[in-house]
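Participant: fold the following.
(one chain, ligands or ions: 1)
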Amino acid sequence: MALIDTHTHLDQDEFSEDRCQVIEEALGAGVSIMLAVGIGADSSLAVTELAAQNAAIFSAVGIQPNYCAEAKTEDWDRIIALISQPKVVAIGETGLDRHWDFTPFPIQQDFFDRHLRLSQETGLPFIVHTRESETDVLAMLRAARKRGPLAGVMHSFVGGQEVAAECLELGLYISFAGMVTFKKSAALRAVAQTIPDDRILIETDSPYLAPHPLRGNRNQPAYLRHTAECLAEERKTDFDTFCNLTSENARRLFRF
Ligand SMILES: [Zn+2]
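Facilitator: Numbers count the residues shown, from 1 in each chain. As a prediction, this is how the structure comes out:
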């Protein structure tokens, strides 16, 4: 059994006191690969440095929608330059967010478009964050699909059946985080049940939203197992089989 955490923010301050231990605990819990995801130029540099120091860590570089307004002009060029670093396997996270008001929406759309084009130019898959903006995200994904094939993942998916179906049709993977384990998430679990075996991914999105029964704690990659157990049960699959298929999917998409 080898799990792959396809989305973690290991560079963030929540891990500054015990980062090495967190990584050790993840390895001890069967998490063999962690994808550390950048949210801005500094953060993207930090995740590439973590990847250089740790065999089990790979990185994704990009500017998360909520941080696009504060990005300096040169930050986008820094992201492009980082792509050639070893172990950079994805572009992101990117996307759209109507929940927070940190970045005017047209600026978010401009940056989402840049990330999607960069993915299509480089062949690196993209990682999508969407909050209260699924219609807008789908419209931009459809427009990008007209330019060429898409490779990417809807991260920490919380959408409904129709959104999932459209994302699958566009060629994307669907990734579930700790929220799917929460008691009130029955509808989301029902959606998770319907994702084809070759398109489902798992992640912690740590340090945020630890899965049940660890909810309320700082999340970390070692907790991925709880989300995997919940989904395996929901999909009536044996735990090891489910772990293996999600890891196979992660290796196919991110070419670890
Ligand atoms: Zn994230």
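Participant: where do the strands sit along the stretch 151-256 of the chain?
Facilitator: All strands of the stretch 151-256 of the chain, identified by DSSP state E, counting those that start in this stretch, fall at 152-154, 173-176, 200-202.
Participant: looking at those, which is closest to D113?
Facilitator: Of all the strands of the stretch 151-256 of the chain, strand 152-154 sits nearest to D113, with 13.7 Å by CB to CB. Heads up, the C-betas are built off the backbone N, CA and C, glycines and all.
Participant: that closest one pairs with which strands, parallel or anti?
Facilitator: Looking at strand 152-154 with DSSP bridges, its partner strands are strand 126-131 (parallel), strand 173-176 (parallel).
Participant: send over the shortest one as CSV, restricted to the C-alpha atoms.
Facilitator: By that I understand strand 173-176. Extracted in CSV, the C-alpha atoms of strand 173-176 (Å, rounded to 0.1, in the frame of the first residue of the first chain):
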residue,chain,number,x,y,z
TYR,A,173,-9.3,14.1,-12.8
ILE,A,174,-11.4,14.7,-9.6
SER,A,175,-9.6,14.9,-6.2
PHE,A,176,-11.2,14.5,-2.8
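Participant: got the contact list for it?
Facilitator: The contact list for strand 173-176, computed with CB atoms under 8 Å, 6 or more residues apart in numbering, reads 6-7, 152-157, 164, 167-168, 188, 192, 195, 199-203, 227, 231, 249, 253.
Participant: and for stretch 215-227?
Facilitator: With CB under 8 Å, 6+ apart as the test, stretch 215-227 has contacts from 3, 5, 8, 10, 14-15, 22-23, 25-26, 28-31, 34, 176-178, 180-182, 202-214.
Participant: measure it end to end?
Facilitator: One end of stretch 215-227 to the other measures 11 Å (CA to CA, to the nearest Å).
Participant: what mean pLDDT does that stretch get?
Facilitator: For stretch 215-227, mean pLDDT is 97.
Participant: ditto for stretch 195-204
Facilitator: The average pLDDT for stretch 195-204 rounds to 98.
Participant: can you redo the strands paired with strand 152-154 as JSON lines with mean neighbour count, mean pLDDT and distance to N54?
Facilitator: Putting the strands paired with strand 152-154 into JSON lines (neighbours: other CB atoms under 10 Å; pLDDT from 0 to 100; distance: least, CB to CB, whole Å) gives the following:
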{"stretch": "strand 126-131", "mean neighbour count": "25", "mean pLDDT": "97", "distance to N54": "20"}
{"stretch": "strand 173-176", "mean neighbour count": "26", "mean pLDDT": "98", "distance to N54": "21"}
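Participant: and those strands: which comes nearest Q108?
Facilitator: Of all the strands paired with strand 152-154, strand 126-131 sits nearest to Q108, with 10.1 Å by CB to CB.
Participant: quick one, phi/psi of the closest residue to L45 other than its chain neighbours?
Facilitator: Nearest non-adjacent residue to L45, counting by CB to CB, 6 or more residues apart in numbering: L82, 6.5 Å away. L82 adopts backbone torsions of phi -70, psi -20, taken as degrees, to the nearest 10.
Participant: contact partners for L82?
Facilitator: Per CB under 8 Å, 6+ apart, neighbours of L82: 44-45, 48, 61, 88.
Participant: roughly how far does it sit from S59?
Facilitator: Distance, L82 to S59, by CB to CB, to the nearest Å: 8 Å.
Participant: residues shared between the contacts of these two?
Facilitator: By CB under 8 Å, 6+ apart, L82 and S59 have these common neighbours: 44, 48, 88.
Participant: now intersect those with the strands, please.
Facilitator: Among those, the members falling in strands are V88 (criterion: DSSP state E).
Participant: my read is that N66 contacts F102, right?
Facilitator: Yes: N66 is within contact range of F102, at 4.3 Å (criterion: CB atoms under 8 Å).
Participant: ok, those two, which is more surrounded?
Facilitator: N66 (19 against 14; other CB atoms under 10 Å).
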